[in-house]
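Asker: need the 3D shape of this:
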Amino acid sequence: MAVSMVFPGQVFRTNACSNSLKMLPLPVYKGTTQQMHALTKTKGMLKYSNKRNTIGIRPGGNHRLQAILSSTNKSDFTPSDTVEQFYECINYKNVTKLGQFLANDCVYEDFSFPKPFQGKKEVLNYFQQLTKSMGDNIEFNAEIISKGEEDDHFTIAVYWYLDWNKIQIPFTKGFSIFILSKREARPLIKKAQVVIEPPLKPGSLALNLLKIVASVFDAFPEATKWFLRSPHVILNRIFSLFLAPFIKPLLACYISLWKFIVVTLSFAFNIYLQISKFFK
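Answerer: Got it, this is the predicted structure:
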């Protein structure tokens, strides 16, 4: 199956606090992401005037979102529009509108979680929690780095990181791969896979660990096949047999200790209130 990949050279910043979206129009780009960032810093961020691609973020309302969603000419709505509006909705904390860019059977696979979120309802519930956790000043700064197209879907890759008041937060970089369906009136996200920068960077330690694991697997091929068929079940069983008897009592003691601390502090605070009332 033939696949066409396009590097659009288009940088967009979904910033709910700025007056307009700033974009950098470039020729077809063949360099690395680091080179793209260097070029962006050298030439500066320029306004992209093509109305079809301008998001037009403004404080106080989602005018661009409403205009696009109410448009009668759905063929003008591109896969890039869908992904840009997706991040715009997150920055606006507008989960209701975000749902209009998701297919009913969509799957959102964030590799920080043990299993993917299945279906629009479950995905929206995740983004409801995410937007609440982001607070008022954290937002996504996203950049489309590649596009692809197959017979039944589009593919878009996005590099992103989180900002707090336009200052990049460390250890929040990530990549997202979006698969958008061609079957709807406009491209809708039917699957997304997200990889986030790990806060711990083992470096060469990871290579040494991989070497050890590979040696063990090669030495015991039959046991390896048995383990890899259902690793989660086996690890859960190992935890239940060997670790749970020690960890559960420790957790119970830890919880009991904090309950005692809370009760003691509450009692001391009540005594303080009573004494303060007496002196008044």
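Asker: in the chain, which helix or strand is least confident?
Answerer: Lowest by mean pLDDT, DSSP states H and E among the helices and strands of the chain is strand 23-25, with a mean of 38.
Asker: isn't A103 right up against K190?
Answerer: Yes: A103 lies in contact with K190 (C-beta atoms under 8 Å); the separation is 4.2 Å. The C-beta positions use only the backbone N, C-alpha and C, and glycine is treated the same way.
Asker: roughly how far is the helix or strand encompassing N91 from the heart of the chain?
Answerer: Take DSSP states H and E as the rule and N91 turns out to sit in helix 79-92. Offset of helix 79-92 from its chain centre (C-alpha atoms, centre = their mean, to the nearest Å): 12 Å.
Asker: for it, packing partners?
Answerer: In this structure, helix 79-92 packs against helix 63-69, helix 95-98, helix 119-134, strand 138-149, strand 153-164, strand 174-181, strand 188-196, with contacts taken as 3 or more C-beta pairs under 8 Å, 6 or more residues apart in numbering; DSSP states H and E.
Asker: repeat that with 6 Å
Answerer: Judged by 3 or more C-beta pairs under 6 Å, 6 or more residues apart in numbering; DSSP states H and E, helix 79-92 is in contact with strand 138-149, strand 153-164, strand 174-181.
Asker: got the angle between the first one and strand 153-164?
Answerer: Looking back up the chat, that one is strand 138-149. If you take axes from the mean of the first three to the mean of the last three C-alpha atoms, to 10 degrees, strand 138-149 sits at 160 degrees to strand 153-164.
Asker: partners of strand 138-149 in the sheet?
Answerer: Using DSSP bridges, strand 138-149 pairs in its sheet with strand 4-6 (antiparallel), strand 153-164 (antiparallel).
Asker: worst mean pLDDT among the ones you listed?
Answerer: Among the strands paired with strand 138-149, strand 4-6 carries the lowest mean pLDDT, a mean of 47.
Asker: not counting its neighbours along the chain, what's nearest I169?
Answerer: L162 (4.7 Å; C-beta to C-beta, 6 or more residues apart in numbering).
Asker: which stretches of the stretch 151-280 of the chain have low pLDDT?
Answerer: In the predicted model, the stretch 151-280 of the chain carries pLDDT under 70 at residues 239, 242, 280.
Asker: repeat the analysis, applying 80 as the threshold.
Answerer: 230-248, 278-280 (pLDDT under 80).
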